[in-house]
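*Asks:* The following comprises the amino acid sequence and a computationally predicted model.
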Amino acid sequence: MASFNESTGRVELPPPVKNRPKNPLRASDYDPIATERGTFTEIDSESLASSYRRELQSKREANTLLYKLLRTDQRAFLSGSAANIMQATHIVNTIRRTKKTQTVEDVKALKLKIETRLTILEFTGKKRFNLDSRPNLLLLQIDEHYALEKYGLIAFSPGKARVQELISKLKDDNTEWDTRVAMAMATSMEEVLQQTNFLRRIERNLDFSASSVYNAGTVEWEVVVLYPNDFRPDEQVFMALDPRKRTIRHPKTRECPPALRREDWIECSVLDDPSSCDPPRLGHGNIPLTLSLSNCRQQDEQISLFAMIVNLHSKLLAYKHTNHSGDQRLLELANCVDNLVELIFHIPPRYPLVVPDWIAMTKDVENVDVKMSQSDFGGASRPRVGSDRDSDGSVGSDSDGSDNDSYGNGPEPTYSTGLTQSEYDILFDRHDSPSLTDRQRQRNFMQILYGPRGATFPSFTCSP
């Protein structure tokens, strides 16, 4: 995007990225650890126009996410491809500065509020949840990214059996959490002040061990196809590498894995048997394609199971709202996942969502993530006066499309969720109300993530 530099009186064109991002799986002289270092033009020069610097900064940040995933994932999660044209995909929607009236500080504050509340729910165990970190990122090819996020044609599901198992386990864990919080809050203020381990006592404390049902590494993800006629029209096949053959290259490994053969690729189609109780899924023959995590991420960087469930929920919720008489199997799965997400967003009745200052002042806080997660609950925010909408009633946006490049985040919305800053404030205040039921809190947070309708609706007219 060209921009006018008032200080020099010139129209400036942004220089191209110096190097295309390399995949260490395909470049034997390229160590995976090097993919975390970008090779981009410096943007700190005062001679650059401000809009020009913003665009370069946006592209650099987008590329940073891709570089991170190339280092550890190397292959597209769905197809297993190691092709150059891949994108970093957010699982839970991130917040971007799109309205001209919204500052970088506003975006950081919104992201912090979202991350804080998801941290309390242990979206990444005891570690702080970050929207732009690996637990919330997938590596996908461009067409896969569009099919998942822009058009909502597909969704990744852990399967109905695993969903039911998670529902049963979360019910028990939520009951135990309620009991601990009630006991911790039953004492007087003076006694609570003496409880140096108070924050640890009211943590959710879910079990994320290797054998736990919450371990995303043990999930075999199915590819649910919500709109078969749009995802694979005219019996078109989808090529996917056999999940058992998806080799990766670990850091500091000199040699690349042996080249794969053509027969290692599977011709997948949509399995849609009306007599079956299973929803339409991607597969080969009569066997569904199941995907497991194959990467060299650190244990605390593995994909967030709860984030994947929230993403699945948004797709199914949109399908349910737009297809009241749609495929009954998909509607049943939507109801089942809806119940699971309600349990994920459970908060004990006496949990101190608006944390008093005396908790932040406790001296014995070994878990820094938990202390940070309480920091923005010191008081209720105040809705801002005025409107952030344009004169025509639509939400203003910067249309530079800087995130829509093949080396960045790709087709995720370049528009906002449709919420003004004041509406965000109201939703966050409502989320922290102790009078909300778990279902109301879940719906409220889905509006924070996806806008007034609480889901990402397909941006096209679905085929019959």
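*Replies:* All right, it came through fine.
*Asks:* from what I can see residue 312 touches residue 155, true?
*Replies:* Yes. Between residue 312 and residue 155 there is a contact under CB atoms under 8 Å: 4.9 Å. Heads up, the C-betas are built off the backbone N, CA and C, glycines and all.
*Asks:* for the stretch 51-200 of the chain, which spans come out with low pLDDT?
*Replies:* 51-63, 96-102, 188-196 (pLDDT under 70).
*Asks:* can you point me to the longest helix in the chain?
*Replies:* When the chain is parsed with DSSP state H, its longest helix is helix 160-184.
*Asks:* For it, name the packing helices and strands.
*Replies:* helix 198-201, helix 328-344 (3 or more CB pairs under 8 Å, 6 or more residues apart in numbering; DSSP states H and E).
*Asks:* So for the longest strand along the chain, what gets flagged as buried?
*Replies:* Longest strand in the chain by number of residues (criterion: DSSP state E): strand 265-271. The neighbour-count check on strand 265-271 (16 or more other CB atoms under 10 Å) flags 265, 266, 268, 269, 270, 271 as buried.
*Asks:* So for stretch 254-268, first residue to last residue, what's the gap.
*Replies:* Stretch 254-268 has an end-to-end distance of 33 Å (CA to CA, to the nearest Å).
*Asks:* what's it in contact with?
*Replies:* The contact list for stretch 254-268 (CB atoms under 8 Å, 6 or more residues apart in numbering) reads 24-28, 237-242, 245, 247-249, 282-284, 289.
*Asks:* 6 Å - rerun?
*Replies:* By CB atoms under 6 Å, 6 or more residues apart in numbering, the residues outside stretch 254-268 that reach it are 28, 237-242, 245, 247, 249, 282, 284, 289.
*Asks:* cool, stretch 315-334 as well?
*Replies:* Outside stretch 315-334, the residues that touch it by CB under 6 Å, 6+ apart are 152, 155, 226, 279, 337, 455, 457.
*Asks:* Reformat those as JSON lines; add distance to residue 132, neighbour count and secondary structure.
*Replies:* Listed next are the contacts of stretch 315-334 as JSON lines, based on distance: CB to CB, whole Å; neighbours: other CB atoms under 10 Å; DSSP: H, G, I helix; E, B strand; the rest coil:
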{"residue": "152", "distance to residue 132": "22", "neighbour count": "25", "secondary structure": "coil"}
{"residue": "155", "distance to residue 132": "22", "neighbour count": "26", "secondary structure": "strand"}
{"residue": "226", "distance to residue 132": "27", "neighbour count": "26", "secondary structure": "coil"}
{"residue": "279", "distance to residue 132": "31", "neighbour count": "23", "secondary structure": "coil"}
{"residue": "337", "distance to residue 132": "25", "neighbour count": "25", "secondary structure": "helix"}
{"residue": "455", "distance to residue 132": "22", "neighbour count": "20", "secondary structure": "coil"}
{"residue": "457", "distance to residue 132": "24", "neighbour count": "18", "secondary structure": "coil"}
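*Asks:* Among those residues, name the least confidently predicted one.
*Replies:* Across these, the smallest pLDDT goes to residue 457, namely 65.
*Asks:* and of the helices and strands packed on helix 160-184, who's closest to residue 163?
*Replies:* Nearest to residue 163 among the helices and strands packed on helix 160-184 is helix 328-344 (5.4 Å), distances taken as CB to CB.
*Asks:* picking that back up, which members of the contacts of stretch 254-268 are positioned in strands?
*Replies:* Counting by DSSP E, the contacts of stretch 254-268 place 238, 239, 240, 241, 282, 284 in strands.
*Asks:* Roughly how far does the third one sit from residue 288?
*Replies:* The span separating residue 240 from residue 288 equals 11 Å under the rule CB to CB, to the nearest Å.
*Asks:* Nearest to residue 87, out of the contacts of stretch 315-334: which one, please.
*Replies:* Distance to residue 87 across the contacts of stretch 315-334 (CB to CB) is lowest for residue 152, with 16.5 Å.
*Asks:* Pipe the buried residues of strand 265-271 into a markdown table and attach distance to residue 8 per row.
*Replies:* A markdown table is the format used below for the buried residues of strand 265-271 (distance: CB to CB, whole Å):
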| residue | distance to residue 8 |
| --- | --- |
| 265 | 53 |
| 266 | 56 |
| 268 | 54 |
| 269 | 57 |
| 270 | 56 |
| 271 | 60 |
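*Asks:* Export those residues to CSV and append columns for pLDDT and distance to residue 221.
*Replies:* Compiled in CSV, the buried residues of strand 265-271 are given as follows (pLDDT from 0 to 100; distance: CB to CB, whole Å):
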residue, pLDDT, distance to residue 221
265, 95, 19
266, 95, 16
268, 96, 14
269, 95, 18
270, 95, 16
271, 94, 15
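*Asks:* contact partners of stretch 278-290?
*Replies:* 220, 222-225, 228, 240, 266, 268, 270-272, 329-330, 333.
*Asks:* Output whichever strand or helix holds residue 312 in CSV with nothing but the alpha carbons.
*Replies:* Remark: residue 312 resides in helix 305-322, with elements defined by DSSP states H and E. C-alpha atoms of helix 305-322 as CSV (Å, rounded to 0.1, in the frame of the first residue of the first chain):
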residue,chain,number,x,y,z
LEU,A,305,-8.0,-28.3,24.0
PHE,A,306,-10.4,-25.7,25.3
ALA,A,307,-9.5,-23.3,22.5
MET,A,308,-10.2,-26.0,19.9
ILE,A,309,-13.6,-26.7,21.6
VAL,A,310,-14.5,-23.0,21.5
ASN,A,311,-13.6,-22.8,17.8
LEU,A,312,-15.7,-25.9,17.1
HIS,A,313,-18.6,-24.4,19.1
SER,A,314,-18.6,-21.2,17.1
LYS,A,315,-18.9,-23.1,13.8
LEU,A,316,-21.6,-25.4,15.1
LEU,A,317,-23.5,-22.5,16.7
ALA,A,318,-23.5,-20.6,13.4
TYR,A,319,-24.7,-23.7,11.5
LYS,A,320,-27.5,-24.2,14.1
HIS,A,321,-28.6,-20.6,13.8
THR,A,322,-28.7,-20.6,10.0
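*Asks:* what's the angle between it and helix 328-344?
*Replies:* Interaxial angle of helix 305-322 relative to helix 328-344 (axes from the mean of the first three to the mean of the last three CA atoms, to 10 degrees): 130 degrees.
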